[in-house]
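[1] I would like the atomic coordinates for the input below:
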Amino acid sequence: MKRFLSTSPYKGARDFFPEDIRIRNYIFEIWKKTAKKFGFEEYDVPFLETLELYQAKSGEELVNNQLYSFTDRGGRKVAIRPEKTPSVARMVAGKLRELPKPIKWFNIGNCYRYERPQKGRGREFFQFDCDIFGIESVDADLEVFSIPIEVMKELGANEKMFEIRVSNRRLTEFYLKSEVNLDGGISEVGTKMYKVGKVVDGKGKMTEQVFILELEKLELSKDQIQKLLDFINSDVNFVEKYRKESYGAEELTRFFELAEDLGYKKFFKFSPEIMRGLDYYSGNVVEQFDLNPGNSRAMWGGGRYDNLVSLFSDEKVPGVGFAMGDVTLLEFLKGWNLLPSFESETKVFVSLFSEVLRKETFELAKKLRESGINTFLSLEAKEISKQIKEADKRGIPFFLILGPEEFERKEITLKNLKSGEQKRYNLDELILYLSR
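    Numbers count the residues shown, from 1 in each chain. Purely as a prediction, here's the structure:
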């Protein structure tokens, strides 16, 4: 018995049928329009990068467990991009002296990570990345994190449907040193602070009892654990007392002040447990969460990374940005019933009445297309009733008939498949009507 190949795509990847592309284009167009509204320019990066680009700063979890990597025929170790922030930092470093500051760039492109496919998470996904380089103040943080808010509003969402949780890695590191008495740094692999940071980053997936047990495994005392819980359960007012001692506390409180000034504060919430798993983050970090009880999960993340460009250059170039994925966003839109219905972008179906009129029918379709009217041309002379059913199934609103009678009178019959109305026009009148 012949064995056929599977019709399924690679596990965790997706096929996009025309109806899926309509949804994807809808999301992409809003992403692009919003980024441009904020004065961001579009860039692109290669699908393949050197493995060391991610080994340098992306974090153990991503590099060891999620990266698609291989050795090419030239013996070079390369990886399929799991994210784009290291790539854009590389590009900025390469033309640092030529680029006007601040640099405000955006990209829409796909990435791959080897993860367990589940609802809202696949191995292949598209990301909307926005980054600002060259501005150290938190003004840039608020500017770039305002973009997702405007995207969500454009999609029909409000502050009751989502929230953006904010923390600050410099503040957390300061608190863990001064109050919890931990040595090391959040990004220093192997130190106790690094390990505690990883536990804190996963707190949202644990009960408080399990969280405490994980901290006890790291040999934290009851007093240290209580200090940590005090911080995690605090609000932004708790941070005020550290403002003079910690630059991170100043960054965070200033961010919320700016957000209030611009009317965005209702979308943000201080959440100290937000750490972000990527080791290059340095200041404010954010994650957006879906507030739908049936889909309560993180949607996207981002943050400030002031040291990433230093991998390529001696110059200090502060950066801040986010990456919003299409998979989690689509689940959000479905969960809140925010997806609009999409009509076919083809406006008219030109039927083929008979082989005798094939040349004239093809010429009609050509003239309509030259006039900017999206036209589907039937390539088979079937019964008109069958062609009408085909047009209706494709969601095409108008149906044209060029039969012997119409040809003799130099007219074309136009049928509105939604209303059922039918009328004859000469070619100029038809083009004028369909161009409206």
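[2] Quick one: find the helix or strand in the protein with the lowest mean pLDDT.
    For the chain, the helix or strand with the lowest mean confidence is helix 60-61, at a mean of 74 (criterion: mean pLDDT, DSSP states H and E).
[3] After that helix, heading C-terminal, what element do we hit next?
    strand 69-71 (DSSP states H and E).
[4] what about the stretch 151-300 of the chain, any weak spots by pLDDT?
    Filtered on pLDDT under 70, the stretch 151-300 of the chain yields the residue ranges 277-278.
[5] all helices of it, in order?
    With helices called from DSSP state H, counting those that start in this stretch, the stretch 151-300 of the chain shows them at 169-178, 192-201, 208-217, 222-232, 236-239, 247-261.
[6] want to throw these into TSV with mean neighbour count?
    No exception for glycine: its C-beta is placed from N, CA and C like everyone else's. Formatted as TSV, those follow (neighbours: other C-beta atoms under 10 Å):
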stretch	mean neighbour count
helix 169-178	21
helix 192-201	20
helix 208-217	15
helix 222-232	16
helix 236-239	17
helix 247-261	19
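[7] Distance to residue 52 for these - can I get that in JSON lines?
    Shown next, in JSON lines, are those (distance: least, C-beta to C-beta, whole Å):
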{"stretch": "helix 169-178", "distance to residue 52": "24"}
{"stretch": "helix 192-201", "distance to residue 52": "21"}
{"stretch": "helix 208-217", "distance to residue 52": "32"}
{"stretch": "helix 222-232", "distance to residue 52": "34"}
{"stretch": "helix 236-239", "distance to residue 52": "37"}
{"stretch": "helix 247-261", "distance to residue 52": "29"}
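[8] Tell me which of these approaches residue 100 most closely.
    helix 247-261 (23.6 Å; C-beta to C-beta).
[9] Leaving out sequence neighbours, find the closest residue to residue 238.
    Distance criterion C-beta to C-beta, 6 or more residues apart in numbering; nearest residue to residue 238, sequence neighbours excluded, is residue 231 at 7.4 Å.
[10] And the one you found, how far from residue 211?
    13 Å (C-beta to C-beta, to the nearest Å).
[11] now residue 222
    Residue 222 is 14 Å from residue 211, where distance means C-beta to C-beta.
[12] Number of residues surrounding residue 151?
    Counted by other C-beta atoms under 10 Å, the residues lying close to residue 151 total 20.
[13] Do you know the pLDDT at the residue nearest to residue 377 when sequence neighbours are not counted?
    Using C-beta to C-beta, 6+ apart and skipping the chain neighbours, the partner closest in space to residue 377 is residue 365 (4.2 Å). Note on residue 365: pLDDT of 97.
[14] correct me, but residue 365 touches residue 375?
    Yes: the criterion here is C-beta atoms under 8 Å, and residue 365 meets it with residue 375 at 5.1 Å.
[15] overlap in contacts of these two?
    residue 350 (C-beta atoms under 8 Å, 6 or more residues apart in numbering).
[16] So what touches whichever strand or helix holds residue 329?
    Here residue 329 sits within helix 326-335, counting by DSSP H and E. Contacts to helix 326-335, defined as C-beta under 8 Å, 6+ apart, come from residues 23-24, 27, 119-122, 125-128, 155, 157, 161-162, 290, 292, 294-295, 297-300, 338-339.
[17] sorry, back to before: what sits against the residue nearest to residue 238?
    The contact partners of residue 231, taken as C-beta under 8 Å, 6+ apart, are 172, 175, 179-180, 238, 272.
[18] now residue 164
    145, 148-149, 267-269, 286-289.
[19] Buried ones in stretch 146-162, by neighbour count?
    146-152, 155, 157, 159, 161-162 (16 or more other C-beta atoms under 10 Å).
[20] gap between the two ends of that stretch?
    14 Å (C-alpha to C-alpha, to the nearest Å).
[21] what residues does that stretch touch?
    Applying C-beta under 8 Å, 6+ apart, the set of residues contacting stretch 146-162 from outside is 27, 30-31, 33-35, 37-38, 40, 128, 130, 164, 262, 264, 266-267, 288-292, 299-300, 322, 324, 329, 332-333, 336, 338.
[22] Please apply the same query to stretch 301-309.
    So stretch 301-309 is contacted by 57, 85-86, 89, 92-93, 96, 133, 136, 141, 144-145, 169, 251, 276, 280-288, 315-323 (C-beta under 8 Å, 6+ apart).
[23] CA atoms only for that stretch, dumped as PDB, please.
    Extracted in PDB, the C-alpha atoms of stretch 301-309 (Å, rounded to 0.1, in the frame of the first residue of the first chain):
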ATOM      1  CA  GLY A 301       7.000  41.400  27.000                       C
ATOM      2  CA  GLY A 302       9.700  43.900  26.700                       C
ATOM      3  CA  GLY A 303      12.000  46.200  28.600                       C
ATOM      4  CA  ARG A 304      15.100  48.400  28.800                       C
ATOM      5  CA  TYR A 305      18.400  47.000  27.700                       C
ATOM      6  CA  ASP A 306      21.300  49.500  28.200                       C
ATOM      7  CA  ASN A 307      24.200  47.100  27.600                       C
ATOM      8  CA  LEU A 308      23.200  45.000  24.600                       C
ATOM      9  CA  VAL A 309      24.900  47.200  22.000                       C
END
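[24] residue boundaries of the strands in the stretch 51-200 of the chain?
    Assigned by DSSP state E, counting those that start in this stretch, the strands in the stretch 51-200 of the chain fall at 69-71, 77-80, 103-112, 124-133, 162-168.
[25] residues in contact with residue 138?
    When the contact criterion is C-beta under 8 Å, 6+ apart, the partners of residue 138 are 251, 254-255, 258, 283-284.
[26] Could you give the separation of whichever helix in the chain runs longest from the chain centroid?
    If you go by DSSP state H, the chain has its longest helix at helix 18-37. How far helix 18-37 lies from its chain's middle: 10 Å, per C-alpha atoms, centre = their mean, to the nearest Å.
[27] Buried by neighbour count: which residues of it qualify?
    By neighbour count on 16+ other C-beta under 10 Å, the buried set for helix 18-37 is 22-24, 27, 30-31, 34-35.
[28] Can you work out which other helices and strands pack against the helix or strand just after it?
    Going down the chain from helix 18-37, the next helix or strand is strand 41-42, by DSSP H and E. For strand 41-42, the packing partners by 3 or more C-beta pairs under 8 Å, 6 or more residues apart in numbering; DSSP states H and E come out as strand 103-112.
[29] helices and strands around the strand it packs on, which ones?
    Helices and strands touching strand 103-112, by 3+ C-beta pairs under 8 Å, 6+ apart, are helix 18-37, strand 41-42, helix 85-94, strand 124-133.
[30] Which of these sits closest to residue 194?
    Using C-beta to C-beta as the measure, helix 85-94 is the one of the helices and strands packed on strand 103-112 that comes nearest residue 194, at 19.9 Å.
[31] farthest-separated two in the contacts of residue 231?
    Greatest spacing in the contacts of residue 231, by C-beta to C-beta: 180 and 238 (14.4 Å).
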